[in-house]
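Participant: build me a structure from this.
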Amino acid sequence: MDFTFLILIAILIAVMFFMSSRTRKQQREAAEFRSTLTVGTRVMTASGMIGTVVDVDDATDQVTIESVPGSPTTWLRAAIARKVEEPGAADDASDEAEITTEGATASTITPDAHDVPDDLSGLDTAQREYREQQRRDADADGK
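Facilitator: Residues are numbered from 1 along each chain as shown. Here you go, the predicted structure:
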């Protein structure tokens, strides 16, 4: 048997082991998160629904989520994908401070910005002027 073949098999086994250990770690962390769900936590389901946990039933392994006030839905605990982080009030305050120090408006346009038209009408004019200049240069060279 060839020695390089044995090395290739060993590398393949090592890669498979490391990939599976990473997957097991992620699954363990997700299961730990789901087991510590509490009322009031904002979560996202695996299908993408975002809501607030209003009830956790450990006996049936179900979680009740309310995405719109007064509209609760029941999900299996395994369907909860992750916690949704809300932007903090401290971040909002720093953003407001930046706006007020910049000036009266929250504009991101600098004073030296170029005015760019919203349509392509300016392209026709520029192209026409370029062709006229080409003709003038050709006429001047020909005389």
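Participant: hey, where'd the strands end up in this structure?
Facilitator: Along the chain, counting by DSSP state E, strands occupy 42-45, 50-57, 62-68, 71-76, 80-83.
Participant: average pLDDT across the last one?
Facilitator: Going back to what we said before, that points to strand 80-83. Strand 80-83 carries an average pLDDT of 88.
Participant: tell me how far stretch 67-81 is from the chain's mean position?
Facilitator: Here stretch 67-81 is found 22 Å from its chain centre; the criterion is CA atoms, centre = their mean, to the nearest Å.
Participant: coming back round to it: now the strands of the chain as a markdown table including distance to Ser20?
Facilitator: In this view, the C-beta of every residue, glycine as well, is placed from N, C-alpha and C. Output for those, formatted as a markdown table (distance: least, CB to CB, whole Å):
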| stretch | distance to Ser20 |
| --- | --- |
| strand 42-45 | 26 |
| strand 50-57 | 31 |
| strand 62-68 | 28 |
| strand 71-76 | 25 |
| strand 80-83 | 21 |
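Participant: all good on my end, thank you.
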